[in-house]
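Trainee: sharing a model that was predicted from the sequence below.
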Amino acid sequence: MLATNDVSGTDAPEPGRDLLELVDTTGRTVGVLDKLAAHTIPGHLHRAFSVFLFDDEGRLLLQRRALGKYHSPGVWSNTCCGHPFPGEAPDAAAARRIREELGMTPVGLAAAGTVLYELPDPKSGLIEREYNHVFVGRFRDEPRPDPAEVAEWTLVAPGELRDMRDRLEFSVWFPAVIGRVAETGRVADLHLDAWR
């Protein structure tokens, strides 16, 4: 199953419009910074989240980021990702962004740990220095994506994901966050080790 949205353009944030929570390597908040500044080389470690949602058949919902996004446009990635507002709980931010990006409500969203990484993104020239909270859960609604956020989406089984990753471009953070999901084993009544 594949659904597409065709939108192009640019949506770079205005300075000061999007503030991120800066953290230390233990996840303790140490300040706030504009989103674009946090992602500009050399970057600043900040709080983020990544979500992996599965249907009742155990297939993973992936999205291809809209072509107009200023950061990592047009690449495939996990179901949803983003940044909490300063002071916003990561799980609340994850549920909010799933509604905003995909028009869905997650079922049984559960924490699957955190992962730290520092990854340059050659496509945008920016950098990801993130303390990323990973969540897994299920979905039952048909995705109704915002075309400014999502170019297309698909559902994949583990073997199909391996094939996609051989053929298509994925976000620079995807290997780190899918690796964290695979390490969790069983969370939220999901067997996740198949995604290694």
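Mentor: Thanks, I have the structure now. Numbers count the residues shown, from 1 in each chain.
Trainee: tell me which helix or strand comes right after the longest helix seen in the chain.
Mentor: Using DSSP state H, we find that the single longest helix of the chain is helix 90-102. Sequence-wise, the next helix or strand downstream of helix 90-102 (DSSP states H and E) is strand 107-121.
Trainee: and the residue positioned nearest the centre of the chain, what's its pLDDT?
Mentor: The structure's the chain has its C-alpha centroid closest to C81; by CA atoms, centre = their mean the separation is 2.2 Å. You'll see C81 listed with a pLDDT of 96.
Trainee: regarding it, what is its secondary structure?
Mentor: Under DSSP: H, G, I helix; E, B strand; the rest coil, C81 falls in the strand class.
Trainee: ok, it - contacts?
Mentor: Shown in contact with C81 (CB atoms under 8 Å, 6 or more residues apart in numbering): A48, F49, S50, V51, R97, N132, S171, W173, V177. C-beta: built from backbone N, CA, C; applies to glycine.
Trainee: returning to that earlier point: what angle separates the longest helix of the chain from strand 107-121?
Mentor: Interaxial angle of helix 90-102 relative to strand 107-121 (axes from the mean of the first three to the mean of the last three CA atoms, to 10 degrees): 80 degrees.
Trainee: for the protein, give me the ranges with low pLDDT.
Mentor: 1-17 (pLDDT under 70).
Trainee: tell me which stretches of it form helices.
Mentor: 35-39, 90-102, 158-167, 174-183.
Trainee: list the buried residues in the longest one.
Mentor: What it means is helix 90-102. P90, D91, A93, A94, A95, R97, I98, R99, E101, L102 (16 or more other CB atoms under 10 Å).
Trainee: hmm, back to that, to D146, which of the helices of the chain lies closest?
Mentor: D146 lies closest to helix 90-102 among those, at 5.7 Å (CB to CB).
Trainee: can I get that closest one in CSV, CA atoms only?
Mentor: Taking C-alpha atoms only, helix 90-102 is exported to CSV below (Å, rounded to 0.1, in the frame of the first residue of the first chain):
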residue,chain,number,x,y,z
PRO,A,90,8.2,13.5,24.9
ASP,A,91,5.2,11.1,24.8
ALA,A,92,2.7,14.0,24.6
ALA,A,93,4.8,15.6,21.8
ALA,A,94,4.9,12.2,19.9
ALA,A,95,1.1,11.8,20.1
ARG,A,96,0.6,15.5,19.0
ARG,A,97,2.9,15.2,16.0
ILE,A,98,1.2,11.9,14.9
ARG,A,99,-2.1,13.8,14.8
GLU,A,100,-0.6,16.8,13.1
GLU,A,101,1.5,14.9,10.4
LEU,A,102,-0.7,11.8,9.8
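Trainee: which secondary structure elements does that helix sit against?
Mentor: Applying 3 or more CB pairs under 8 Å, 6 or more residues apart in numbering; DSSP states H and E, we find helix 90-102 packed against strand 46-54, strand 60-65, strand 80-82, strand 107-121, strand 126-138, strand 150-156.
Trainee: from L190, how far off is A182?
Mentor: Applying CB to CB, to the nearest Å, the value for A182 to L190 is 11 Å.
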